[in-house]
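S.K.: Okay, sequence plus prediction incoming.
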Amino acid sequence: MYKKKQMVEVEIIDLGDKNQCFGRLEDGMSIFVQGPAAVGDVVQAEIFKIKKKYLASRFRELVKPSPHRIEPVCPYFGLCGGCKWQHMDYSEQLRLKRKQVQDALEHIGGFSFGKDEDGDGIECAACIPAPELFGYRNKMDFSFTDLRYLTTDEIGIDPDEHDKPLDFALGFHAPGCYAKAIDIDHCDLSTEEMNMTLNTVREFCLEHRSELPIYSTRSHTGELRNLVVRHGGHTGEFMVNLVTSTHSPELMAKLSEKLQAALGDRLTTFVNNITSAKNTVAFGEKEFVLYGPGFITDRLGDYTYRISANSFFQTNSGQAEKLYMQILETAQLKPDDIVYDLFCGTGSIALFASSHCSKVLGVELVESSVSDARENARRHDVENCTFIQLDLKDIKHIEEDMREFGHPDVVITDPPRAGMNPKAVKMLLKIAPAAIVYVSCNPASLARDGQMLCEEGAYRLVSCQPIDMFPQTNHVESVARFEKSM
């Protein structure tokens, strides 16, 4: 009989949901382990939940390391919610990422993998690796909180003896802890300019604490919300975006001077986005440009893209080129094809596809992204791309645009992590293109939406290619092709 707080020894044999690991005890009982365990580790774990068919536990001690375990480079490893796989060698990360995609498609989507005697069947290919394992991100979102997350060593220390304030933090949230952030000085996935900005902004905000209080998720008062930095991976252009509740021209002008002094000509633009939303999402309702043009550009392949503060752009510029080439290979476009690019963002996929087909219709909900997409097409003299602002749940309007633009032969959809709204999936089934290329950053969403597409035999999953856009993390991108059944 198991008890809460009981310590058990278990070998980790697989990954579980929500970045947990999985093992079986000697009596066959399933156990999920939260914390920095790796597949192949033998660990001591403390039980905190007892269910009829499984136990939930927390990692407490490493008994025997996995052959794939390595020493993480980050001092915040195990606390931060970001680089959860730094303790595994890269070959193991790639193996597990492919396994995540295939497991989701099998267990959630109900798809079967492997070739039959005739050579037919679905194949989930090996994960395409990334050349840069650190410093690869072109965007970082740091959070302000009025409660600093304390490490185990800090708990119990007299408040006057702490090196940092207890009521100020700028950094990342610990997993599941959105009221507190770990006050970090450096992130290994960031560029040098990003880390310089992090510390420059922290210093400024601490100097002006009375004028710039941190926004509280409890009282919904305060100013400082997020610091978002964007760095053109191929252009080197650099944006600083401070997200606050209101705009203070005098303070923002002072911060602009401080950033210019710290970064010099490496700073391209500084903007202040403001929002009244009662959440911690770093998305502004209004924007004030304090320095530079208010946007940066980045280059992928032959195209240069304009990127505004609120626009979506792939966070790994180098791997994005590989991703887009994989999308084109999967789409199998012909010169006379009409293509729809759903959730098109700044038009990056649409422009890549434009020279391989007749024309592209890009559909996006965010107004600033649509503006950027149109400007990107204009700058490159691409005349066969049209971009519209539309909520994909509105089936009626997409049908009107389809009649005007032409029925799609291929639809490329790159939805956010939550996947497509069921109404949008039904819209796809209704317009019924010959092929759908689904670009996903969440295997579970891909599997769920893929199952809906293939219900009643409307489509069939032909292939799936994982690609690693985010080394050191459990996240994986994938490109799947669905073909209309004959």
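M.R.: Perfect, thanks for sending it. Numbers count the residues shown, from 1 in each chain.
S.K.: Please make it C-alpha for all contacts and neighbour counts, starting now.
M.R.: Noted.
S.K.: For stretch 127-138, which residues meet the burial criterion?
M.R.: Of all the residues in stretch 127-138, those buried under the rule 16 or more other CA atoms under 10 Å are 127-130, 133, 136-138.
S.K.: actually stretch 75-84, not the one I typed
M.R.: Quick answer for stretch 75-84 (16+ other CA under 10 Å): 76-84.
S.K.: mean confidence for that stretch?
M.R.: Taken as a whole, stretch 75-84 carries a mean pLDDT of 86.
S.K.: and the longest strand anywhere in the chain, which strands flank it?
M.R.: For the chain, the strand that runs over the most residues, judged by DSSP state E, is strand 54-64. Next to strand 54-64 in the sheet, as set by DSSP bridges, lie strand 30-34 (parallel), strand 42-50 (antiparallel).
S.K.: Touching the lowest-mean-pLDDT helix or strand in the chain from outside, list them.
M.R.: Ranked by mean pLDDT, DSSP states H and E, the weakest helix or strand in the chain is helix 395-405, scoring a mean of 76. Here helix 395-405 makes contact (CA atoms under 8 Å, 6 or more residues apart in numbering) with 361, 390, 392, 408, 423-424, 427.
S.K.: Pick out whichever of these sits closest to residue 298.
M.R.: Nearest to residue 298 among the contacts of helix 395-405 is residue 361, at 22.1 Å by CA to CA.
S.K.: pretty sure the closest one is in a strand, no?
M.R.: Yes - per DSSP: H, G, I helix; E, B strand; the rest coil, residue 361 lies within a strand segment.
S.K.: Identify the bridge partners of it.
M.R.: Beta-bridge partners of residue 361, as defined by DSSP bridges: residue 340, residue 386.
S.K.: about what we covered before: include distance to residue 54 when you put the buried residues of stretch 75-84 into JSON lines, please.
M.R.: Shown next, in JSON lines, are those (distance: CA to CA, whole Å):
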{"residue": "76", "distance to residue 54": "30"}
{"residue": "77", "distance to residue 54": "27"}
{"residue": "78", "distance to residue 54": "24"}
{"residue": "79", "distance to residue 54": "25"}
{"residue": "80", "distance to residue 54": "27"}
{"residue": "81", "distance to residue 54": "25"}
{"residue": "82", "distance to residue 54": "27"}
{"residue": "83", "distance to residue 54": "27"}
{"residue": "84", "distance to residue 54": "23"}
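S.K.: re earlier: of the contacts of helix 395-405, which pair is most distant in space?
M.R.: Of all pairs in the contacts of helix 395-405, the most separated under CA to CA is 361 and 423 at 19.3 Å.
S.K.: Show me which of the strands paired with strand 54-64 has the highest average neighbour count.
M.R.: Highest mean neighbour count of the strands paired with strand 54-64: strand 30-34, a mean of 23 (counted as mean count of other CA atoms under 10 Å).
S.K.: out of the contacts of helix 395-405, which are buried?
M.R.: Buried by 16+ other CA under 10 Å: 361, 390, 392, 408, 424, 427, out of those.
S.K.: Okay, strands next: where are they in the stretch 151-300 of the chain?
M.R.: For the stretch 151-300 of the chain, the strands defined by DSSP state E, counting those that start in this stretch occupy 169-174, 177-183, 224-231, 238-244, 269-274, 286-291, 295-300.
S.K.: counting contacts, what elements does the last one pack onto?
M.R.: I take that to be strand 295-300. Under the contact criterion of 3 or more CA pairs under 8 Å, 6 or more residues apart in numbering; DSSP states H and E, strand 295-300 touches strand 238-244, strand 303-308, helix 317-331.
S.K.: try 10 Å
M.R.: Applying 3 or more CA pairs under 10 Å, 6 or more residues apart in numbering; DSSP states H and E, one finds that strand 295-300 contacts strand 224-231, strand 238-244, strand 269-274, strand 303-308, helix 317-331, helix 348-354.
S.K.: Low-confidence ranges, the stretch 351-486 of the chain, go.
M.R.: By pLDDT under 70, the low-scoring segments of the stretch 351-486 of the chain are 395.
S.K.: would you list every one of the helices in it?
M.R.: Ranges of helices within the stretch 351-486 of the chain are 367-379, 395-405, 422-431, 443-454, based on DSSP state H, counting those that start in this stretch.
S.K.: Would you tell me which one of those is buried the most?
M.R.: Each of these was assessed for mean neighbour count using mean count of other CA under 10 Å. The highest is helix 443-454, with a mean of 22.
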